[in-house]
Each structure stands twice: as structure tokens, then as C-alpha cells.
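Trainee: Sequence first, predicted model second:
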Amino acid sequence: MGCVQSKRASRDDPSAAGESDRQRELEELSNALKNVVKGRKEGMEVARGVEREKVTRAGDSPATERRRPRPEPYLRSQRGWPSWLLDALGDGIQDWTPRCANSFEKLDKIGQGTYSNVYKARDLITGKIVALKKVRFDNLGPESVKFMGREILVLRKLNHPNVIKLEGLVTSRMSCSLYLVFEYMEHDLAGLVGHGSYLSTSQGRKFTEPQVKCFMKQLLSGLEHCHNQGVLHRDIKGSNLLINNEGILKIADFGLATFFDPDRRRPMTSRVVTLWYRPPELLLGATYYGVGVDLWSAGCILAELLGGKPIMPGRTEVEQVHKIFKLCGSPSEEYWKKSKLPHATIFKPQQPYKRCVAEAFKDFPCSSLPLIEALLSIDPDDRGTATSALNSEFFTTEPYACEPSSLPKCPPTKEIDVIKLRDEARRQRGVSGKANVVDGNRRVRARDRGGRAVPAPEANAELQANLDKWRVMNPANSESKSEKFPPPHQDGAVGFPHTSRNGPVSFGATDTSFSSSFFNLKHSTSVRHTGTAGGPSKRKSSRAEPQTAPSRRFLRLLKTSSTTPSMHPSSKGKESVSEVFGSQKVK
Ligand SMILES: Nc1ncnc2c1ncn2[C@@H]1O[C@H](COP(=O)(O)OP(=O)(O)OP(=O)(O)O)[C@@H](O)[C@H]1O
């Protein structure tokens, strides 16, 4: 399959195309694919009906009917691509040789995302092992089409050793599916560190300084390329950093990526980036942002690699903001004024939080601290660029980054393997059958949902349901600017819980959880659930399941509030946030 270089790609150049063009393009893409799926289904139904009729007349058995070849439900272009795909993705893919799904042998399911399943497969023609990312359109809404379309457009633009390469597209005649073919990568960083993100906050593997430098150099080089090509990834996290047996790291999963042009700023959704790696400006609702969002995530990963565990494992957006302020300090007055962040009034603490990054990471190599300080700057303008990070003393002083090929060899490790191993270990420890099943399911669900970047509609479905109800009850609030752009399911006005009188999740007024032993989770489980249960209650488990568990709780609380007219949600929101920052008043 050839490389994607098309006229279409040049039309997608962010300097040439505005957001409205892209939106229109995605809508067209979505409509084209929907029509095709509908048409295919209808076509197949009609064809099957005709065929059944013929069979009945001829007196054939149903078994004979099943053996008849299915009709080709759509026309293929001269080059063999289904016309709907050409309509949707332009003439660029004409350079590629179309492949049929049955020319690959599926070997194993290796990953699951919100919009896709990922399989290890053998290319039956070349014998090469590949990863097939299967996107289904028939039982998913236009969302999946939209994400897939954008992912393909973005991937076509990128060509770098540290960015996953889209090798081709495969359509299946038998199902409404499209496969993205990628080179196969044996590991992901979350699996290598030993703690699948969202699965555990226990101590994972620590790498040596040269190894950390090697991973970070590759990550920042890949990011530098993306940013230079006008692409923001918007979901940098361990499980999206794939590593092959040669130690080469490649940034993957561009499902949330977008084109951007620093010279022609446009509003974008703030509901991107997985919670633990999400920068403060997005949590505070920023819709104008840039490369700083990816650099913040890179900073979280750098500290995670050096410390051996995620540095800010928040369970909710409120908790995440709090963790960030405790570590990085709250924004300066100047930044609050300059940034005009939509949620500033709600999240701004009365007393500023002091930054203590250097203290928290005092055991890290000296040369890493200036880089961590820069990448974890509250003001995105202070984070610099991927290029400046690569030029920092972390990379230019000894010990230097090791060669990728000298990275330790391990058996294939992916986040999904960590889940499987952990569940197996629990089974062997003799956890009772029923509890085990429940727990195993919960773990998988937690990964399935939590692993997805939190903004994805699915991950926040319950929260969104609450907020939709909240909006209905608060028409004034739903007039907000962010309601108009981006679309409600993605907008930035929904980044915090505001449901019950007591607030579903809050931090204690006298939160003493943060200390120099920042990594000790025993001391950082300061989240206090208030509300119907009454009184503070500690988290039962240190395993973080961001968004999902609290959202369920929100739903319950909302149910209560929506049947209790006196509990006005907007004031409840304020009350809950006032608890977040202690007994201080909300400004
Ligand atoms: N090229 C590849 N080689 C090996 N494994 C891969 C490859 N691409 C993806 N995977 C595995 O599949 C998982 C899911 O892939 P990906 O993140 O691209 O899908 P997604 O639907 O966007 O997922 P999510 O909802 O978690 O963002 C990855 O975490 C990874 O473990």
C-alpha cells in the first residue's frame, strides 16, 4: 500500500482550510458513510429478498440459500475502492491498492477502544504481522465516522519514525466495517511501566535515566513533527505510545487529534485529553489552545517514568484541578486575567496554592527538573515547544539517552495484557468466583471507558446525561458561549459536577493530603464523598476509575435533586465547588 500523498491532503492543510471547511468535510464524510451503510443494508435486504424468492420458487432448502454468494452491495470504482469511501475520503486513497479483509488472518484481539477493536493479524500476502483497527459503522452513530475520518486525514499528513504509520485501509464486503492497517507494535508505554493507566496507582517499573531520556526524546520528536505539521494529538498518554521490539516509540491513536494553525486561532473543544494527562487550561474550559496541551501530557509522562507511577491520578475533573493546583500552584492573577477561562469563577481559589514541583520531585535527576517545571507550567505559554524541550539540558547533559535498541527486552506488554495478568493473578490468589468475575468485568470496563480520552462522549455519557438535565433546568446557563461551540456533547461547559446540594465529590476544607510524600497515595486520598451517604468517607480503593464511578453517583444525586425543586442546581454547583477549595467563598 502506498503512501498517502494526495490533492486532498493539500486541501486539508490547516493554513488553507478553516474549521468550517473541515466541519463541513467531516459532515459530508459522515453523511456519505451513513448513506452507504443504509444503502448497503437496504441493498442487501432487497437482494436477499429476491434471492429468497428465487430459492422458494425453486424449492431449495435454507441451507442452499445460505450457500449462495451474497451480492456485491455497492459499486466499486475502477481501482477497486468502494465508491462511498472515495466519496468520503477523496481521491487520495486512489494511490493505494485496496485490500479485502479476508486477505488478513486475525490472530488475536489486542486492544479495544471506544470506536474500534484492534486485532493482531497476519497479512496473508506478505506474511507480515500488522495491527488492524476495525471501525464499525453499523451499530455506532456518526461519532465513530467522524473520529475515524479525522484520524485518517490526520494520519495521512504525518510521516515520522516516532509517529504510527497508517499503511492502508481495508474494507470488508460482509460487514459495515473499515479497517485501518498499521505496523504492529508489541508494547505500549503504560504496559511497560507496569501499571495500566486507570488500573492501578501502585508502584510500577522505574526506568534508568538514559532509558527515560530515550523514551522522552522519541515522544518529543514525534510531537515536534505533529506540531510542525499543524496537528495537535490531544490524547497523549502511556497506552497511546506504542513501542516495538526494537525500542522505537511511536505516537498512536489520532482519534482525537485535530488540525490547528497558531496564526489563525479558532475555538476547539476543551473536552479532550485523558483526565490524568489533561492540562489545567482544558479543565478550566479553554477553547483556544495550542501545542501546550500535548506538552503538559508529555510532562506528566516524564514525571511518571521517573517516579514509576502516575503523578496526578484524579478521579473527577474537580479532583484533577485540585491535584494540579496542589502540585503546580494555582494560576497567577495575571494568568486568570489574561486567559479569561470559562470556569475561572468556579475554580479560582480564594487563597492561591503554592507551587511545589521541585519539592515533590526532589529525588529526580537534577537535569530533569527544569524540563518538568517548564512542561508542567500552569500558563501554556511557559511550556515552550517540543523543540525547546528537546534542546533542554535534560537531553544535552550526561547521562545521555540510551539507544532504543538497548532498551530492556520484555515479553509483549500492553495495557490490555496488564489487565489480563492482574485478573489472572487475582484468580490464582483464590478470590471467590463471583467476586472475581464482577471485579474482572469492572476492571475491563474501567479500562475500556477510562482508557478512552475522557472527553469522548461515551466516557462521559452519564455525566453528560446529568448535565443535559441540568441545562434543561438552567436555561440561562445553557446560553453560554461554549454551548454554541463546540457541540453540546463535547463542549467545555461541562467539566465539573454540579448536582447535589452537598456536591457529589469534594475535597475536605482542611485537606492535608499533600505533602512532599506526594506519591504516597495513602496521603492523597483526600476525596470525600458527601451527600446522601452523609459525612466523609474514604475511597475504598486506590485504583482510580476516573469519571465512571463518580458519574454514576452524580446520576443518583441528580435524580434526587431533579425531584426536589427547592434544590437549585446552579447554586448547588457553587456550593459543591466551594467545598472543593475549603470553606472559601466562590468568587
Ligand atoms: N499498531 C498497533 N500495534 C499494536 N497494538 C496496537 C496498535 N494500534 C493500537 N493498538 C492497541 O490497541 C489499543 C487501542 O487502539 P487505539 O488507542 O488506536 O484505539 P481507540 O479506539 O482510539 O482507543 P481509545 O478509545 O482507548 O482511545 C491500543 O491501546 C494498543 O494497545
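Mentor: Ah, there it is. Numbering: from 1, shown residues only.

Trainee: Look at residue 367 and report its pLDDT.
Mentor: pLDDT for residue 367: 97.

Trainee: That one against residue 394, yeah?
Mentor: Yes. The criterion here is C-beta atoms under 8 Å, and residue 367 meets it with residue 394 at 4.8 Å. For the C-beta atoms, the positions are set from N, CA and C on the backbone; glycine is no exception.

Trainee: Which one's more surrounded, those two?
Mentor: residue 394 (25 against 17; other C-beta atoms under 10 Å).

Trainee: How about the more buried one, nearest residue that isn't a chain neighbour?
Mentor: Leaving aside its chain neighbours, residue 394 sits nearest to residue 371 (4.4 Å; criterion: C-beta to C-beta, 6 or more residues apart in numbering).

Trainee: helix or strand for the one you found, which one?
Mentor: Here residue 371 is covered by helix 368-375, with elements defined by DSSP states H and E.

Trainee: Please apply the same query to residue 358.
Mentor: Residue 358 belongs to helix 357-360, assigned by DSSP H and E.

Trainee: related to what we said a few turns ago, check which helices and strands the helix holding residue 371 is in contact with.
Mentor: Where contact means 3 or more C-beta pairs under 8 Å, 6 or more residues apart in numbering; DSSP states H and E, helix 368-375 is packed against helix 292-307, helix 357-360, helix 386-390, helix 393-396.

Trainee: Pull out the buried positions in stretch 396-404.
Mentor: Neighbour counts over stretch 396-404 (16 or more other C-beta atoms under 10 Å) mark 401, 402, 404 as buried.

Trainee: How about the residues of the stretch 251-400 of the chain by the ligand?
Mentor: 252, 253, 255 (C-beta under 6 Å from any ligand atom).

Trainee: so the last one sits right up against residue 151, yeah?
Mentor: Yes. Between residue 255 and residue 151 a contact is recorded at 5.0 Å, counting by C-beta under 8 Å.

Trainee: What count of nearby residues applies to the residue nearest to residue 394?
Mentor: Quick note: residue 371 (other C-beta under 10 Å) scores 24 neighbours.

Trainee: so how far is residue 165 from residue 285?
Mentor: Between residue 285 and residue 165 the distance is 35 Å, computed by C-beta to C-beta, to the nearest Å.

Trainee: what about these two, which has more around it?
Mentor: For the pair residue 285 and residue 165, the greater number of neighbours falls to residue 285 (25 against 17), based on other C-beta under 10 Å.

Trainee: Now do the same for that one: helix, strand or coil?
Mentor: Counting by DSSP: H, G, I helix; E, B strand; the rest coil, the backbone at residue 285 sits in coil.

Trainee: nearest spatial neighbour of it, skipping sequence neighbours?
Mentor: Leaving aside its sequence neighbours, residue 285 sits nearest to residue 342 (C-beta to C-beta, 6+ apart; 3.4 Å).

Trainee: secondary structure class for that neighbour?
Mentor: Residue 342 - assigned by three-state DSSP - is coil.

Trainee: on that earlier part again, okay, residue 255 and residue 151: which has more neighbours?
Mentor: Using other C-beta under 10 Å, the more surrounded residue of residue 255 and residue 151 is residue 255, with 25 against 21.

Trainee: residues in contact with the more buried one?
Mentor: Taking C-beta atoms under 8 Å, 6 or more residues apart in numbering, we find residue 255 in contact with 113, 114, 115, 147, 148, 150, 151, 235, 453.

Trainee: which ones are touching residue 304?
Mentor: 193, 238, 310, 311.

Trainee: Residue 223 now?
Mentor: Residue 223 touches 233, 236, 251, 291, 294, 295, 298, 386, counting by C-beta under 8 Å, 6+ apart.

Trainee: quick one, helices of the stretch 201-350 of the chain?
Mentor: Assigned by DSSP state H, counting those that start in this stretch, the stretch 201-350 of the chain shows helices spanning 209-228, 280-283, 292-307, 317-328, 333-339, 344-347.

Trainee: And for the residue in the stretch 201-350 of the chain that the ligand sits nearest to, the neighbour number?
Mentor: For the stretch 201-350 of the chain, the residue closest to the ligand is residue 253, as judged by C-beta to the nearest ligand atom, at 3.4 Å. When neighbours are defined as other C-beta under 10 Å, residue 253 has 25 of them.

Trainee: how close does it get to residue 166?
Mentor: From residue 253 over to residue 166 (counting by C-beta to C-beta), the distance is 12 Å.

Trainee: again with residue 192
Mentor: Distance from residue 192 to residue 166, by C-beta to C-beta: 23 Å.

Trainee: from what I can see residue 245 touches residue 184, true?
Mentor: No. Using C-beta under 8 Å, residue 245 makes no contact with residue 184, being 9.8 Å away.

Trainee: Those two - which one has more neighbours?
Mentor: Applying other C-beta under 10 Å to residue 245 and residue 184 shows that residue 184 carries more neighbours, namely 20 against 14.
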